[in-house]
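Undergrad: coords please:
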Amino acid sequence: MASLGSGRTATGLSQRAKVAALVAICLAELLVVLDNTLVNVALPSMAVQLQADMSGLQWIVDAFTLAFSGLLLAMGHLGDRYGRRRFMIIGLSGVAVMSAAGALSSGLGQVIAARAGMGVFAAVVFPATLALITNIFTAKRERAAAIALWTAMAGVAVAIGPTVGGWLLKYFSWHSVFWINVPVALVAIAAALLTLPESRADHVDRLDRVGVVLSLAAVTALVWSIIEAPKHGWFATESLVGYLVSIILLAAFVAWELRTPTPVLNMRLFRNRRFALPSLAITVSYFSAFGFLFLITQYFQGVKELSPLEFGIHSLPFAVAVGLGAPIATLLAQRLGTTAMVVSGLLILAVAMYIAGQTRVETPYLGPVVVSMILMGLGFAVVQGPATESIMGAVPLAEAGAGSAVNDTTREVGGALGVALLGSVMTSVYSTNIAGRITAIPDQIMNPHQKELASNTPISVLEIVKAPVNPLLAQAKTNLIEAMKVAAMQGAEAASYIAVGTLVVCAVIVAATLPWRVEQGSSVLMGWRESDED
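TA: Numbering: from 1, shown residues only. Below is the predicted model of the structure:
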């Protein structure tokens, strides 16, 4: 077994020093999360200048996701071993260098390589953020408040990404979404050097190299299969082979971790329901939230035809709700308990997804759309703060990096699956309802390339709007665009029902199996001793 020692903590820090350290940690977290969202807004501009097709654009996004999620577990363990502050600084430096490389890129392959490099170094940074919080804030209430701010920062960064990206693209080229990372990373490095204490496990066992390799291979295969499934088909041979390889690698990883004396991930953690069930809740909440953000992007840019900056501004209610909801949820969790908050958050998310699914082309923004975004942000915050605190409270301080990495990996896998599955359902319903009509229209309205694009991509409505057409066919074009928008919203409705069902089932599982009593004392110290029957 890996050491269960308490690790080197920063209990001697003054309150002011702890706050300064938390600010530095949140700045590093902000950089990583923005890194993963800013580029989405720049994809149309990059497609034109880099002459990239849809597959190329997908890989600009997925190269980061694949490297990031695949390395989280290994980097969390190595941070525990060699120093979390050291790893955070190395990761921030790497993000700055790879961001500069992306900004200076002149070809699609160079951009994809830079994005993959950014994902690698982001995986070095992210587990260290939550592990450092756990080691600096050892008192239960302080740690819960710090994790609430960490959660709020992650949610706000996800939501403000489109706004920041839209503003940059209004005044600068797509290169700016890479350049902006450099000064932010430099400030974060300076803040880390000035405020963060070093933190690592007291006792270091032999490095589990086999476990590190298997964890990387297993998570990478799983996320790769999820990313590629919509392209090939969820039940196509390529997808089925990917699932099978993922399952085999995951089984091999679990089997190895159970038998090796020094595992990279202590599998006994999953016997603790306060670790396993909140991890499930976080996965499902990210599945829904990222799926929601994907669907709302189609609505704002494809149906309402907003610019990137306008889209970002219209999505701000989600960010505000997350920012306000996280600290409120943390305070309530102290009184009501983790289970009550997690179950409530999942049900709020279900209501939000249902309302979002009822949105129609003519639905006004100030109404159900804003309500769904606010509820989505609140539900997301209500789940994330208490669930994350429960996970980290069940992890020995010596394994805080590994526990943080599990927490982060569940988020990435849940988010990737949400975009892939809900996006695939939306596209499938859209294509079924509109493809025949598009095929039958005259080439004067859409050429064959535009027809193919419009049949498979709901957001392509914008592409059709910009295309010139014979004035005599203007009404036919208007009718077609309206039909495409209706079909896109029908696809979003079908996808929302899947999310609602998933959230409700998860809420029932958590309510039935996670203890309802309010934990007393420091769960960091108690969680490891807590029996499964508790």
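Undergrad: Pull out the buried residues from the helix or strand hosting residue 146.
TA: Following DSSP states H and E, one finds residue 146 within helix 140-171. Within helix 140-171, the residues that qualify as buried by neighbour count (16 or more other CB atoms under 10 Å) are 140, 143-169. From N, CA and C alone the C-beta is placed, and that goes for glycine too.
Undergrad: just checking, next helix/strand downstream of that helix?
TA: Toward the C-terminus, helix 140-171 is succeeded by helix 176-179 as the next helix or strand (DSSP H and E).
Undergrad: Point out the other helices and strands that that next one packs with.
TA: For helix 176-179, the packing partners by 3 or more CB pairs under 8 Å, 6 or more residues apart in numbering; DSSP states H and E come out as helix 38-50, helix 84-103, helix 140-171.
Undergrad: Looking at these, which is nearest to residue 291?
TA: With CB to CB, the closest approach to residue 291 among these belongs to helix 140-171: 12.8 Å.
Undergrad: quick one: average pLDDT of that closest one?
TA: Confidence over helix 140-171 (mean pLDDT, whole number) is 81.
Undergrad: returning to that earlier point: and of the helices and strands packed on helix 176-179, who's closest to residue 423?
TA: Using CB to CB, these put helix 38-50 closest to residue 423, at 12.8 Å.
Undergrad: So which bits of that closest one are buried?
TA: Of all the residues in helix 38-50, those buried under the rule 16+ other CB under 10 Å are 38-44, 46-47, 50.
Undergrad: Flag whichever of those scores worst on pLDDT.
TA: Summarising pLDDT for the buried residues of helix 38-50: the lowest-scoring member is residue 44, with 68.
Undergrad: Where does pLDDT dip in the stretch 101-250 of the chain?
TA: Judged by pLDDT under 70, the stretch 101-250 of the chain has its weakly predicted residues at 159, 202-205, 230.
Undergrad: Try it again at 90.
TA: For the stretch 101-250 of the chain, the stretches flagged by pLDDT under 90 are 106-108, 126-127, 130-131, 134-135, 137-174, 198-236, 238-239.
Undergrad: May I see the buried residues of stretch 104-117?
TA: Of the residues in stretch 104-117, those buried under the neighbour-count criterion (16+ other CB under 10 Å) are 105, 108, 111-117.
Undergrad: Switch the residues you listed over to CSV; also include secondary structure and distance to residue 89.
TA: Below are those laid out as CSV (DSSP: H, G, I helix; E, B strand; the rest coil; distance: CB to CB, whole Å):
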residue, secondary structure, distance to residue 89
105, coil, 25
108, helix, 31
111, helix, 26
112, helix, 26
113, helix, 23
114, helix, 20
115, helix, 22
116, helix, 21
117, helix, 17
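Undergrad: Relative to residue 354, which of those is nearest.
TA: Distances from these to residue 354 were compared by CB to CB; the smallest belongs to residue 115, at 34.8 Å.
Undergrad: Assess the claim that that closest one and residue 66 are in contact.
TA: No - counting by CB atoms under 8 Å, residue 115 stays clear of residue 66, with 9.6 Å between them.
Undergrad: I'd like the buried residues of stretch 104-117 as a markdown table, with distance to residue 330 appended.
TA: Compiled in a markdown table, these are given as follows (distance: CB to CB, whole Å):
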| residue | distance to residue 330 |
| --- | --- |
| 105 | 41 |
| 108 | 43 |
| 111 | 39 |
| 112 | 39 |
| 113 | 40 |
| 114 | 37 |
| 115 | 34 |
| 116 | 35 |
| 117 | 35 |
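Undergrad: now for those, which pair is the farthest apart?
TA: Most distant of the buried residues of stretch 104-117, by CB to CB, are 108 and 117, 15.1 Å apart.
Undergrad: CSV please, covering the buried residues of helix 38-50 and showing distance to residue 263.
TA: Below are the buried residues of helix 38-50 laid out as CSV (distance: CB to CB, whole Å):
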residue, distance to residue 263
38, 36
39, 35
40, 36
41, 41
42, 41
43, 40
44, 45
46, 41
47, 44
50, 43
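Undergrad: just curious, which of those residues is nearest to residue 289?
TA: Within the set of those, residue 40 lies nearest residue 289; the separation is 14.8 Å, counting by CB to CB.
Undergrad: Tell me the spatial nearest neighbour of that closest one, not counting adjacent residues.
TA: Once flanking residues are discounted, residue 40 sits nearest to residue 61: 6.5 Å by CB to CB, 6 or more residues apart in numbering.
Undergrad: show me the contacts for residue 151.
TA: Applying CB atoms under 8 Å, 6 or more residues apart in numbering, one finds that residue 151 lies in contact with 322, 326, 381, 384-385, 388.
Undergrad: The residues you listed in helices, which ones?
TA: Within the contacts of residue 151, membership in helices is found for 322, 326, 381, 384-385, 388, as judged by DSSP state H.
Undergrad: Pretty sure residue 216 sits against residue 68.
TA: No - counting by CB under 8 Å, no contact exists between residue 216 and residue 68, whose distance comes to 11.8 Å.
Undergrad: Of these two, which one has the most company?
TA: Between residue 216 and residue 68, residue 68 has the larger neighbour count (other CB atoms under 10 Å), namely 28 against 21.
Undergrad: That one in helix, strand or coil?
TA: Classification of residue 68 using DSSP: H, G, I helix; E, B strand; the rest coil returns helix.
Undergrad: can I get the helices and strands packed on helix 176-179 in CSV with distance to residue 28?
TA: Putting these into CSV (distance: least, CB to CB, whole Å) gives the following:
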stretch, distance to residue 28
helix 38-50, 16
helix 84-103, 6
helix 140-171, 10
